[in-house]
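Colleague: model the following, please.
(chains A, B, C and D)
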Protein chains: 2
Amino acid sequence: MTVKRGANKTKGRVTLKDVARELGVAASTVSNAYNRPDQLSPALRDSVLQTAERLGYLGPDPTARSLRRGVTNTIGLVYPSPLSYTFTDPIAGLFVQGIALEVERQGYTLLLVGGEVDDDVSAQRSTKPTLATATTVQVDGFIVHCFASDDPVLEATLTRGLPIVMVDHHIDQHGNEAFSSVKIEDELGAKQAANHVLEHGHSQFGIISLEMTPKTRSGLATLDQQAAMTYTTTKIRLEGYRRAIERAGLDWETSAAVYETADNTPAEGELAAASLLAQTPQPTAILAMSDQLALGALTYIKRQGLDVPADVSVVGFDDMPGSIHASPPLTTVRQPHVDKGKHAGKLLLAQLQGDTSLASVTLPTKLIVRGSSGPAPQS
Amino acid sequence: MTVKRGANKTKGRVTLKDVARELGVAASTVSNAYNRPDQLSPALRDSVLQTAERLGYLGPDPTARSLRRGVTNTIGLVYPSPLSYTFTDPIAGLFVQGIALEVERQGYTLLLVGGEVDDDVSAQRSTKPTLATATTVQVDGFIVHCFASDDPVLEATLTRGLPIVMVDHHIDQHGNEAFSSVKIEDELGAKQAANHVLEHGHSQFGIISLEMTPKTRSGLATLDQQAAMTYTTTKIRLEGYRRAIERAGLDWETSAAVYETADNTPAEGELAAASLLAQTPQPTAILAMSDQLALGALTYIKRQGLDVPADVSVVGFDDMPGSIHASPPLTTVRQPHVDKGKHAGKLLLAQLQGDTSLASVTLPTKLIVRGSSGPAPQS
DNA sequence: ATTATTACCTGAATCGATTCAGATGATAAC
DNA sequence: GTTATCATCTGAATCGATTCAGGTAATAAT
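Modeller: Just a heads-up that it's a prediction; the model follows:
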């Protein structure tokens, strides 16, 4: 099998029509040879295929076929951040896995679309590169992961008018939009985490938050900043922490310091822990909105010579693979990453198959108690 | 912004031509309004855009545009296995991350293509579903990960005649094919792992191998099976182990037992360890071709009440995130996952930009000694 | 022997844009 | 006053297939 690579980049590409002409048959016959073998005699089919091979015809052009057929058999998976950042988090892979589990055997293929690359402060350029990709991508439908309610990429995606499933997006003001959605019990999960340490007698908290808005700098977040949040998942988790803490009769402002991180990475978790532990009074429990952040906190705390959980308890969120192997193993709130993908895939598939009813599923979270949390130290 | 979702699925889709007609201008003008704003007066452009909005025109159809332009701005990432399995391994995400780092800001988007789904023993169906997807996917080029030399999906991909970068594929018989490639020092890496334990006085080895052929069942592998391997990476790593061991003056057949796993998962690693430790004489060092497998082995060994590394040393391969947090932290051979992706992306980009020269880069491996390996026990 | 059926093949319309060589009229240059 | 330049806009060709309503000849049915 010798194929000249790059051969079809040039103008001189061999097309179906060339094969037809060479053989003196109609183009439709050649097409049938590939798509409906039963529509022509085996003999003719063979010679079509042979001629194709001889001429260097590489088979029907997928783009042309898609145009004519009106489908691409591709599902777009859209993330708010660049893919290079998104896949920094191991749970992105789990989610992909879940989607694949549902759509792969239906012949769908997965297109990864990332958000703004290099977003200089210049929102000047009317045609943002990122917007462009969400607009120009060839897919039959979208699975959109966790955008701020007002994200431009989200708008661009919606504008395509294709079937959509939203993931981890808690609709607030706008009310019931025209899409299916998959999310988890974010508020409950956060409450589970907070209650866990509250029950252990903790009363001074350091909270490591995920990003609150698209333009985020890491640092302690004031109440104002907490209120101005546009990332819905962050918002709801924070609310969960807060409600649990207030319900225990504590004052939010004085008993909890909130540190907002710019990236969901262990490194940011370390910075956050450093900042939070420098507060007075010093928190005895760290509540992190992700395991990545929690793991970083763990690293920092241990490096400071403090003991987990004797001096400080740490509770994460996600239960990513690896958290169980941390030392100490991380107490965390488990969410079903793969299942989330599966549900998203299933819901989108339903729409692609013409089902017009929109569904919304909310998956449960579960507190997984491991070694990183314990009773508050006696002061 | 209210958009009727699914509106463009039906026949009644609004097209560029509709907008042109409504406004009494040429289709090319409408096209220009979107693609070359400088080619028409701002006033007209505005009314085109407004009319489009009013009519519900969703913008130029990406597929039609691709057909005309001849590019898709999409890169296909092809894996030999289903995506649902591929993304079970955290290093898949790292690789994606690396590719994205290079191609994302060039406006390319990433299409994930998985291998055979549900490969019943029936190779009967002439049109395998998997083959179909590799053939029908709309991309400008491929990055192909680690196929058996004779994989049909590989052939299908090659047949497309598009630019290709092969990853982790050690070309053997065929010699220099027409593609760029990225790989790592697999043999050297394996030697590093083996030498490490050899230097610690070990002389009885259990080797946990990755798949050797597409149709694999887990179990101990005879010398014959070892010879009939088609997965090149596995082959070369095994050779590395073997050469190091033989170079130390030991006999391969009697001093090393090889267990072939069907999946690269911790669960398989446990099975493998169980089988290998049941051998007589019992191995004192386990060499695993991946950290996933090594981690499973670790689990099994500890569950048996044995100590790592006092009773058994374990050395992995990959240095995946998390291996450092294992207990004990895993000694392993590090390979640069993200860099591999970056190089693959860069090489493909070069081809897409018309560079016809093909390059091949080989990245280094590095032994990372941590707690899971130590001196051989005194017998 | 006549009609119905079947197997095989063709032509033309279509999918939805992009592109490029002009046409047109207006403005600038000399 | 005539030609050159410029900014706008148009028409037709094209990208590469798929689809479907027939057409033709051969076979089967009555």
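Colleague: pretty sure A:Glu211 sits against A:Tyr259.
Modeller: No: judged on CB atoms under 8 Å, A:Glu211 makes no contact with A:Tyr259 at a distance of 11.7 Å. C-beta coordinates here come from the backbone N, C-alpha and C atoms, glycine included.
Colleague: mind saving the C-alpha coords of stretch A:16-26 as CSV?
Modeller: Only the C-alpha atoms of stretch A:16-26 are listed here, as CSV (Å, rounded to 0.1, in the frame of the first residue of the first chain):
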residue,chain,number,x,y,z
LEU,A,16,-15.0,10.4,-7.5
LYS,A,17,-15.7,12.1,-10.8
ASP,A,18,-12.3,11.2,-12.2
VAL,A,19,-12.9,7.5,-11.4
ALA,A,20,-16.3,7.7,-13.0
ARG,A,21,-14.9,9.3,-16.2
GLU,A,22,-12.1,6.8,-16.4
LEU,A,23,-14.5,4.0,-16.3
GLY,A,24,-17.2,5.6,-18.4
VAL,A,25,-19.8,5.2,-15.7
ALA,A,26,-22.0,7.7,-13.9
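Colleague: quick one: contacts for A:Leu349?
Modeller: Residues near A:Leu349 by CB atoms under 8 Å, 6 or more residues apart in numbering or on different chains: A:102-103, A:106, A:108.
Colleague: need those residues in JSON lines with pLDDT and secondary structure, can you?
Modeller: Output for those, formatted as JSON lines (pLDDT from 0 to 100; DSSP: H, G, I helix; E, B strand; the rest coil):
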{"residue": "A:Glu102", "pLDDT": "96", "secondary structure": "helix"}
{"residue": "A:Val103", "pLDDT": "96", "secondary structure": "helix"}
{"residue": "A:Gln106", "pLDDT": "92", "secondary structure": "helix"}
{"residue": "A:Tyr108", "pLDDT": "95", "secondary structure": "coil"}
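Colleague: now that we have the residues you listed, which one has the most neighbours?
Modeller: The most crowded member of these is A:Val103, carrying 27 neighbours; neighbours defined as other CB atoms under 10 Å in any protein chain shown.
Colleague: I figured that one hits A:Leu110, correct?
Modeller: Yes: look at A:Val103 against A:Leu110 with CB under 8 Å: they come within range, at 7.1 Å.
Colleague: overlap in contacts of those two?
Modeller: What both A:Val103 and A:Leu110 touch, as defined by CB under 8 Å, 6+ apart, is the set A:Ile75.
Colleague: show me which residues of chain A sit near DNA strand C.
Modeller: Taking CB under 7 Å from any atom of the strand as the contact definition, chain A meets DNA strand C at A:24-29, A:32, A:38-41, A:43-44, A:64, A:67-68, A:70.
Colleague: and those residues near chain B, which?
Modeller: A:64, A:67, A:70 (CB under 8 Å from any CB of the partner chain).
Colleague: in helices, which of these appear?
Modeller: A:64, A:67 (DSSP state H).
Colleague: of the ones next to chain B among the residues of chain A next to DNA strand C, buried ones?
Modeller: A:64, A:67 (16 or more other CB atoms under 10 Å in any protein chain shown).
Colleague: what is the nearest of the ones next to chain B among the residues of chain A next to DNA strand C to B:Gln378?
Modeller: A:Ala64 (71.3 Å; CB to CB).
Colleague: need the contact list for that closest one.
Modeller: So A:Ala64 contacts B:Leu67 (CB under 8 Å, 6+ apart).
Colleague: ok, it to DNA strand D distance?
Modeller: 3 Å (CB to the nearest atom of the strand, to the nearest Å).
Colleague: per-residue confidence, that residue, what does it come out as?
Modeller: Note on A:Ala64: pLDDT of 97.
Colleague: what does A:Ser122 give?
Modeller: 36.
Colleague: A:Tyr231 too?
Modeller: 88.
Colleague: can you check A:Val165 too?
Modeller: 96.
Colleague: low-confidence ranges in the stretch 51-200 of chain A?
Modeller: The stretch 51-200 of chain A contains residues with pLDDT under 70 at A:117-131, A:172-177.
Colleague: how near is the residue in it that DNA strand C sits nearest to to B:Ala156?
Modeller: When scored by CB to the nearest atom of the strand, the stretch 51-200 of chain A has A:Arg68 as its residue closest to DNA strand C, at 3.6 Å. Here the distance between A:Arg68 and B:Ala156 works out to 22 Å (CB to CB, to the nearest Å).
Colleague: dihedrals phi and psi, A:Ser209?
Modeller: phi -100, psi 150 (degrees, to the nearest 10).
Colleague: I'd guessed it sits against A:Tyr259; true?
Modeller: Yes: contact criterion CB under 8 Å: A:Ser209 and A:Tyr259 qualify, at 6.5 Å.
Colleague: which residues does A:Pro82 contact?
Modeller: Here A:Pro82 is in contact with A:114-117, B:100, B:104 (criterion: CB under 8 Å, 6+ apart).
Colleague: separation between the residue of the stretch 51-200 of chain A closest to DNA strand C and DNA strand D?
Modeller: 4 Å.
Colleague: quick one, what contacts whatever residue of the stretch 201-350 of chain A ends up closest to DNA strand C?
Modeller: Of all residues in the stretch 201-350 of chain A, A:Leu348 sits closest to DNA strand C, at 21.0 Å by CB to the nearest atom of the strand. Applying CB under 8 Å, 6+ apart to A:Leu348 gives the contacts A:75, A:103, A:141-143, A:163-165, A:180.
Colleague: sorry, back to before: ok, A:Arg68 and B:Ala156, which is more surrounded?
Modeller: Applying other CB under 10 Å to A:Arg68 and B:Ala156 shows that B:Ala156 carries more neighbours, namely 19 against 12.
Colleague: for my notes, confirm the more buried one occurs in a helix.
Modeller: Yes: membership of B:Ala156 in a helix is supported by DSSP: H, G, I helix; E, B strand; the rest coil.
Colleague: give me the element the closest residue in space to it that isn't next to it in sequence is part of.
Modeller: Closest residue to B:Ala156 apart from its sequence neighbours, by CB to CB, 6 or more residues apart in numbering or on different chains: B:Ala134 at 4.2 Å. Here B:Ala134, judged by DSSP states H and E, is contained in helix B:129-136.
Colleague: next secondary structure after that helix?
Modeller: strand B:141-145.
Colleague: gap between that next one and the chain center?
Modeller: 9 Å (CA atoms, centre = their mean, to the nearest Å).
Colleague: and that strand, is it in reach of chain A?
Modeller: No: Strand B:141-145 stays clear of chain A (CB under 8 Å from any CB), getting no nearer than 9.4 Å.
Colleague: elements contacting that strand?
Modeller: strand B:74-78, helix B:152-159, strand B:164-167, helix B:337-352 (3 or more CB pairs under 8 Å, 6 or more residues apart in numbering or on different chains; DSSP states H and E).
Colleague: can we see that at 6 Å?
Modeller: Under the contact criterion of 3 or more CB pairs under 6 Å, 6 or more residues apart in numbering or on different chains; DSSP states H and E, strand B:141-145 touches strand B:74-78, strand B:164-167, helix B:337-352.
Colleague: fine, thanks again, bye for now.
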